Structure formats: C-alpha cells, structure tokens
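1. Whatever this is, show me its structure:
(one chain, ligands or ions: 2)
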Amino acid sequence: MTARKRIFSGIQPSGTIHIGNYFGAIENWVRLLNEYECFFGIVDYHAITVSYDPALMQRRIWEAALDNIAAGLDPARCTIFIQSHVPEHTELCWLLNCVTPMGELGRMTQFKEKSEQERGNVTAGLLNYPILQAADILIYKADAVPVGEDQAQHIEFSREVARRFNSRFGDYFPVPKTLIGRGARVMGIDGEAKMSKSLENFIGVGEEPDAIWEKLRPAKTDEARKRRSDPGNPDRCNIFSYHKLVTPDGEVREIVKGCTTAGIGCLDCKKIFFNNLRKVLDPIRERRQELERNPEIVREALREGARKARAIAEVTVAGAKKFMGLLSDF
Ligand code: ATP
Ligand code: MG
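-> Ligands and ions are numbered 1, 2, ... in the order given. Now for the predicted structure:
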C-alpha cells in the first residue's frame, strides 16, 4: 500500500465559525478524510495578528475545536490540534522569514484588507501572517491545502516560499497544491463582502435556528424585485447563491422558474433555503451539544493531536536547520 498523501489546513479562532467556513473549507476537509492523511490546526497564532480581546480568546479556541469536530473532523480519522501547542510552527516561521523578501508581504490582499480594518494598529505579525501560514503547511510537508478562494493567494505564496527554500538550500519541501472547496466564496448576509468571522455578516454553524431565521428574514434579495408580482433575477440574489450550497438541483431549477415568473415570493424562497440549511446544520449542532457535555473527548483529541503533530514538526524543523547550515543535533 502506498502512503496516503497529506493535507494541512487551518482555521482561526477569530470569532464564530460560519457557513462560509463550512461550505468553503470544512465540508471539503471532511470529504478528504478518507483520501488523505489530514492535519488541521486551530491557528491561534494567526488570530492574534489583529486586535482581539484576550479574555475571549480561550473560549474561541475551545469553540473552534467543538465546531470543527462536530462538523465532521473526527479525531479518530485526522489530527486536529491547537497551533500554539506545536511551537515548531514559529521556529520554522523564523527560518522561512529569512528566505522571504519583504516586498511581497505588503502586496497580499488579506494584508491590505485587514490593515484597513486595523486602522493605525497594524502589527508586524499581520505582515508576516503568510510566512507563518507557509510554515504551518510546509512543516507537515503537505501535498495539498484545501481552502476557500480567499486563501488561494496565500497558498500560492507558500508554494513560492517552498520553491525559494529548495532552490537556495536543496530540495526539501514539496510544493503544495491548492484545493478549493465547493462554496469557494460565500458572501455575507448583506451581500456586500465575503462572509467573515470578523465582519459580523455571518450565519454561524452552531447558531440556533431562530437566530438564523432572524438574520435571513430581512436579508437582501434581488433589489430590482420590489413587489411580490415582479419577476426576479436569481443571479442578482444573494439568497440564491446560498441555495446552490444546500438545495438539490431539481429544487434549484424550480426556484429559478418560480423567481423569474414571480411564481414564488422571496420570503417563501428563503424558507426553502432555511429548511435545507437546517438539514445540514441541525445534526452538527446536536453533535456539538453532545461534545459540550463530554469536554474530555475534545481535550484528549487536542492533546493527542498536538503530540502527533509535534512528532512530525520536530523532524521537519531539524531537517530544515541542517539544510540551512545550522547545527541541528549538536
Ligand atoms: P477572519 O475574518 O478572522 O479572517 P474567516 O471567516 O476569513 O475569519 P478563516 O479562519 O480566516 O475564516 O478561514 C478558514 C477557512 O475558511 C479558510 O480556508 C478560508 O478560505 C475559508 N473561508 C473563510 N471565509 C470564507 C467564505 N466566505 N467563503 C468560502 N470560504 C471561506
Ligand atoms: Mg480569513
């Protein structure tokens, strides 16, 4: 039997995990569990690159673990861990800092967007974020990285870091492939920007159905459709883009027909989406409640995950140091 290829991906404990994270990344991760040897990090060192409340961080890390395991990252089938519990990530990050030209970092889209949100409080950590991300991936010598579309630029950057290291010091890191999920770019509930934990435009994976409906009911649809009797244009409707994530193809076709002939109103259309979304989220919420009643399962998974991850990370860092001419085993 040939060894399975390996993937790494991460999620920041920067707020509530939402359906953008789920359909853009987590759902794909769950699908890949059979095919790959999987490593998933709750990347807390990334989450502290922007302003945050230290009093909330531990809770967020914990909730990210609960949400991800409840969403299907079964610890028996993958390695799930907290990034800062594997300190070799930061060690490799330093080594990679020293092979990466500074200029490229300031040109990253995420850096520009988040710098704007930070207004005057832009840290060196935020600038270096993509190098730490490259370290997260390369430390497991991952073959592929499943992410949402917004992270494609950073993965391309990680590929470049690997190539640069290899050409300077010798062939060491595999150049990882990018795997984009089905909901490559889920828009926020206001339809203005990508759904983000940090923008308060999200539908949380673990949110109560009533709270989700409160967000959906007033949400924008095709703005040109003013009255129930006006025909709508599904391509201009944010809710329609959500339908494609959860609604079976046949039903999607009926919605298109109904919308374009004014046969179905926006509220009824939202109800169909809501019910289909619940089919995905209700079982996740139930598993989450179950895990909350048994926190030791989660704690043990995270401890064991860090142990397994660390065993690999240590070897990779020692090898990288050797390639770079440092004394790794003195
Ligand atoms: P933040 O706003 O703090 O950056 P985020 O919502 O962007 O949080 P991340 O933890 O940065 O979430 O990303 C985790 C994964 O989810 C990544 O693979 C990312 O590409 C994916 N992702 C995030 N938002 C979306 C979205 N709206 N649509 C599809 N995928 C997404
Ligand atoms: Mg993000």
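2. near ligand 1, which residues of this protein?
-> Applying Cβ under 6 Å from any ligand atom, one finds that the chain approaches ligand 1 through 11-12, 14, 20-21, 24-25, 147-148, 150-151, 183-186, 194-198. Just so you know, the C-beta spots here come from the backbone N, C-alpha and C atoms, and that holds for glycine as well.
3. change it to 8 Å
-> Counting by Cβ under 8 Å from any ligand atom, the residues of the chain close to ligand 1 are 9-12, 14-15, 17-18, 20-21, 23-26, 43, 46-47, 50, 110, 114, 146-151, 181, 183-188, 194-199, 202.
4. can you pull the contacts of the residue of the stretch 101-250 of the chain found nearest ligand 1?
-> Residue nearest to ligand 1 within the stretch 101-250 of the chain (Cβ to the nearest ligand atom): residue 148, separated by 2.2 Å. Neighbouring residues of residue 148 by Cβ atoms under 8 Å, 6 or more residues apart in numbering: 20-21, 24-25, 180-181, 183-186, 194.
5. Check it and give its pLDDT.
-> pLDDT, residue 148: 96.
6. next one: phi and psi at it?
-> phi -80, psi 170 (degrees, to the nearest 10).
7. How about it: what's its closest non-neighbour residue?
-> residue 24 (3.1 Å; Cβ to Cβ, 6 or more residues apart in numbering).
8. ok, the residue lying closest to residue 243 once chain neighbours are set aside to ligand 1 distance?
-> Excluding the flanking residues, the one nearest residue 243 by Cβ to Cβ, 6+ apart is residue 273, at 5.3 Å. The gap separating residue 273 from ligand 1 is 16 Å, by Cβ to the nearest ligand atom, to the nearest Å.
9. now do residue 254
-> Going from residue 254 to ligand 1 by Cβ to the nearest ligand atom gives 26 Å.
10. Quick check: which element contains that residue?
-> helix 249-260 (DSSP states H and E).
11. quick one: that helix to chain centroid distance?
-> Put simply, helix 249-260 sits 30 Å off its chain's centre (Cα atoms, centre = their mean, to the nearest Å).
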